[in-house]
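>>> after the sequence you'll find the predicted model.
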Amino acid sequence: MKTQSNWQLLLVAGLLISATSTGCLQTTIGGQTLPSAYYLDDDVQYFPKGPENKLSRQVRALERYKSERLSAQQGLGDDSGN
């Protein structure tokens, strides 16, 4: 009974070690994390096309600010003329 328990413990430990040692197949050599040898066979990830200008939201915010400021100045100019 004790030998069967030892075999089961050894089997579970072996499965646990093999399950945690496999994964993305990266390797660390000399402090560098290197890709697996099969990186050319990996699936291509899809990255949707974004705006050409990376700061498009900032440009829109500045344009909105300028237009609001211009309309506020024009509004003040109209009231002072009456």
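Looks like it came in fine.
>>> got the buried residues for the helix or strand where residue 3 lies?
Assigned by DSSP states H and E, residue 3 falls within helix 2-21. For helix 2-21, a neighbour-count test (16 or more other CB atoms under 10 Å) marks nothing as buried. C-beta here means a position set from N, CA and C on the backbone, and glycine is covered the same way.
>>> which other residues reach the helix or strand following it?
Per DSSP H and E, the first helix or strand lying C-terminal to helix 2-21 is strand 27-29. Residues from elsewhere that reach strand 27-29, judged by CB atoms under 8 Å, 6 or more residues apart in numbering: 33, 34, 36.
>>> tell me who's in contact with the residue nearest the centre of the chain.
Nearest to the geometric centre of the chain sits residue 47, at 11.3 Å (CA atoms, centre = their mean). Going by CB under 8 Å, 6+ apart, residue 47 touches no other residue.
>>> do you know how far it is from residue 71?
Look at residue 47 and residue 71: by CB to CB, to the nearest Å, they are 39 Å apart.
>>> and what of residue 17?
Distance, residue 17 to residue 71, using CB to CB: 69 Å.
>>> and residue 50, by the same measure?
31 Å.
>>> residue 9 too?
Relative to residue 71, and taking CB to CB, residue 9 is found at 78 Å.
>>> same check on residue 34?
58 Å.
>>> so which of the contacts of strand 27-29 is the closest to residue 2?
residue 36 (41.5 Å; CB to CB).
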